[in-house]
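Colleague: need the 3D shape of this:
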Amino acid sequence: MSDFRVEEYSTDVLILGGGVAGLAAAIRARERGAKVVVLEKSHAERSGNAGSGIDHIQGYVPEFHRQIGYSEEDMIEDQYGWGGNPGRLNRRDLIEIFVRHSGHDVIELERYGLKFRFADSKLPGGFRVVPQWHYVPTSYNFEGRDLKRALNDRALELGAVILNRRHVRELIKDGPAVTGAVALGTRDRVVTVVRAKTTVVATSGITSRITAGVTGSDTFERFAAPSASVGSGKVLAAKAGAAVVNLEFSALGSSYGLVNYSFSAGLPGGTWWPAGRVVDENGVVVAERRYDLPLDDPDYRANYRRDIEKSGAQRKKIVELLQQGQVLYFDLAEATTEELDYIWWSLGHEGKSGVTKHYLAKRQVDLRKVKFPLRLGARRDVIASGVWVKRGTTETEVDNLYATGNELPALGYSGGGTALVLGYATGVEVAERAQTIPAPTSDAAPWVEALLGQVERITATRAGQTWQSGEHALTTLLDSYLGKPYSEKNLTQLAALLARLRADLTLGAGNLHELNRALEVLDLYDLAELVVAAARARKSSLGLFQRLDEKESAPEQEGVSVGVYWQDGRVKAIRLDNLFREERGDGYFH
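Modeller: Okay, the predicted model is just below:
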């Protein structure tokens, strides 16, 4: 497998990842005349967190919000305080960019043929806006099954070059600046070299495979159809010297979902809104169904907040009861015919729920007569983590390197909305930046040789470990430590065991598929090293992160994130000020 050909490109803007954020950045950059190349590990038409569709997208809806008295400032404050904002780690500057541009940017999707307005809507503008988790209603319900296809087609129409099946393995650097990337073909024997004036990390941001699957099983979900989300963007940025923050909050807390199914679509709300509810085995309601509030309710805002708080408390109760071993079920027994039609429609647009819809419809299942058993799961994604960027921009501290979408940290959890809007914002930034710097002439040979050397070692080790066994060993180890109260002693043990596991890792591969899966596993090991380093660097409890041997008081942590990155082959930790105050001593920078 050493007969790889090398293909080379030169561009103004290189985007790593063809998800919603990456394609949005490509569209805006092309609209401003920049040459754009997108490297996508899967296929941009159906890749990423929105690959199979989304039925909700967050944003400020001027016609709706203004009528009931919500301003952009209200939404900014709500997003900034999401989750209680422990330690004030949320990035207000990035949330402001999202909210102030979302009213325009989200509805722009109508130009690409996505439907947002409906004749049966009772809301201004004909929109459907449903509650999810914020105190200010944020979520458009729309026909987003083909969101990715629409963005992909628009980027291609504008002249972006999208190279699918390209697994980015290294960022090229020339001194302090990133000047491109090297990728490996996942379907053909090719190494792709792209030299670029600016580079954007726009990978999935979610790290779903760092520990055991959310169904608690390492069978189909883990090994037959694993997620491509392995934290590769974070690893690439950290190796280039950009700090990745908040990784210590990995795998904290518990969640729940449907038995034997990894995607629950926000039940009992979300795609199942408004009639979804949860009951125990005796039919006692644990989480009630919900109802629309009338817009003319003089206490709309207070009542809406009350409903969100009640829903949050009921979700916590579900977790508590499942932890106690109680049997709980999700059902739609109280749904009206109109509500069932609405839910069937939503299922057809929300991710893997389309498969659920097809399965249930084919068997003519009456959703009002079925009870779906629930199971307890662990929260494995690192939603708050991301690549540190300068204030009010998406530019990292590494020259000409940017991050966007889910690779940005602590955005108040607005998913597809922030991916789209901040992707657009990044596209504008990099197009303008590219006009001010010369085309790079970096010698990519060392990076190409390093990658081919790695490929040769893995493919020559046919009798080595399979990628499945290497991943299973890692997730088993991490499940024994992550998410539990930490101490320097147990974190030192984990670091030593991880180093030993890595030293003994000898992955083999007999074909391109196995090779690329093996490379993903190596990224998981790198990500695990960053997570452990971040946990060791945070010295006291904060939110769900618990230290048994606290060494700092809470005020010393106010607004401070832990950032980790590689320098001279070792992981370094640094403290970063999310509040952008004056310099506070060694280890802080803005």
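Colleague: so who does Ser10 touch?
Modeller: Residues near Ser10 by Cβ atoms under 8 Å, 6 or more residues apart in numbering: Val194, Arg195, Ala196, Ala439. Heads up, the C-betas are built off the backbone N, CA and C, glycines and all.
Colleague: return the distance of the nearest residue to the second one once chain neighbours are set aside relative to Thr393.
Modeller: Spelled out, it's Arg195. Once flanking residues are discounted, Arg195 sits nearest to Gly180: 4.2 Å by Cβ to Cβ, 6 or more residues apart in numbering. Distance, Gly180 to Thr393, using Cβ to Cβ, to the nearest Å: 21 Å.
Colleague: Ala445 too?
Modeller: 32 Å.
Colleague: repeat for Val36
Modeller: To Thr393, Val36 is 19 Å away according to Cβ to Cβ.
Colleague: who has more neighbours, Ala445 and Thr393?
Modeller: Thr393 (15 against 10; other Cβ atoms under 10 Å).
Colleague: which stretches of the stretch 51-200 of the chain form strands?
Modeller: Along the stretch 51-200 of the chain, counting by DSSP state E, counting those that start in this stretch, strands occupy 54-58, 129-130, 139-144, 161-164, 166-174, 177-185, 190-201.
Colleague: partners of the fourth one, with directions?
Modeller: For strand 161-164, the pairing partners within the sheet under DSSP bridges are strand 36-40 (parallel).
Colleague: near Arg500, how many other residues are there?
Modeller: By other Cβ under 10 Å, the residues close to Arg500 number 11.
Colleague: among the strands of the stretch 51-200 of the chain, which gets the worst mean confidence?
Modeller: In terms of average pLDDT, strand 129-130 trails the rest of the strands of the stretch 51-200 of the chain, at a mean of 88.
Colleague: who does it pair up with?
Modeller: strand 139-144 (antiparallel).
Colleague: how far out from the middle of the chain is the strand it pairs with?
Modeller: Chain-centre distance of strand 139-144: 19 Å, with Cα atoms, centre = their mean, to the nearest Å.
Colleague: what's the answer for stretch 491-501, then?
Modeller: Using Cα atoms, centre = their mean, the offset of stretch 491-501 from its chain centre is 27 Å.
Colleague: for that stretch, what is the average pLDDT?
Modeller: Taken as a whole, stretch 491-501 carries a mean pLDDT of 97.
Colleague: can you name the residues in contact with that stretch?
Modeller: Ala473, Leu474, Leu477, Leu478, Tyr481, Tyr525, Ala528, Glu529, Val532, Ala533, Ala535, Arg536.
Colleague: so which bits of that stretch are buried?
Modeller: Leu491, Leu494, Ala495, Leu498, Leu501 (16 or more other Cβ atoms under 10 Å).
Colleague: also stretch 294-308?
Modeller: Neighbour-count burial for stretch 294-308 flags Tyr300, Arg301, Tyr304, Asp307, Ile308 (criterion: 16+ other Cβ under 10 Å).
Colleague: Serialize the residues you listed to JSON lines and add fields for distance to Ala24 and secondary structure.
Modeller: Formatted as JSON lines, the buried residues of stretch 294-308 follow (distance: Cβ to Cβ, whole Å; DSSP: H, G, I helix; E, B strand; the rest coil):
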{"residue": "Tyr300", "distance to Ala24": "32", "secondary structure": "helix"}
{"residue": "Arg301", "distance to Ala24": "31", "secondary structure": "helix"}
{"residue": "Tyr304", "distance to Ala24": "29", "secondary structure": "helix"}
{"residue": "Asp307", "distance to Ala24": "32", "secondary structure": "helix"}
{"residue": "Ile308", "distance to Ala24": "28", "secondary structure": "helix"}
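Colleague: any idea which of those residues is closest to Asn578?
Modeller: Ile308 (24.8 Å; Cβ to Cβ).
Colleague: indicate which one of the strands of the stretch 51-200 of the chain is closest to Tyr112.
Modeller: Among those, strand 139-144 sits nearest to Tyr112 (Cβ to Cβ), with 10.8 Å.
Colleague: what angle do the longest helix that the chain contains and strand 177-185 make?
Modeller: Ranked by residue count and defined by DSSP state H, the top helix of the chain is helix 512-537. For helix 512-537 against strand 177-185, the angle by axes from the mean of the first three to the mean of the last three Cα atoms, to 10 degrees is 140 degrees.
Colleague: which other helices and strands contact helix 512-537?
Modeller: When contacts are defined as 3 or more Cβ pairs under 8 Å, 6 or more residues apart in numbering; DSSP states H and E, helix 512-537 packs onto strand 166-174, strand 177-185, helix 232-239, helix 445-460, helix 467-479, helix 488-503, strand 560-567, strand 570-577.
Colleague: neighbouring contacts of the fourth one?
Modeller: Residues outside helix 445-460 that contact it (Cβ under 8 Å, 6+ apart): 1-2, 4, 6, 169-170, 172, 182, 184, 191, 193, 464, 507-510, 515, 518-519.
Colleague: can we see that at 7 Å?
Modeller: The contact list for helix 445-460, computed with Cβ atoms under 7 Å, 6 or more residues apart in numbering, reads 1-2, 4, 6, 169-170, 172, 182, 184, 191, 193, 507-509, 515, 518.
Colleague: need the buried ones from those residues selected in ChimeraX.
Modeller: In ChimeraX, a selection of the buried entries from the contacts of helix 445-460 looks like this (16+ other Cβ under 10 Å):
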select :4,169,170,172,182,184,191,193,507,508,509,515,518
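Colleague: what's the most distant pair in the contacts of helix 445-460?
Modeller: Ile172 and Gly508 (28.0 Å).
Colleague: what number of residues lie near Ser232?
Modeller: By other Cβ under 10 Å, neighbour count at Ser232 equals 26.
Colleague: so how far is Leu328 from Pro268?
Modeller: 10 Å.
Colleague: ok, those two, which is more surrounded?
Modeller: Higher neighbour count among Pro268 and Leu328: Pro268, with 26 against 22, using other Cβ under 10 Å.
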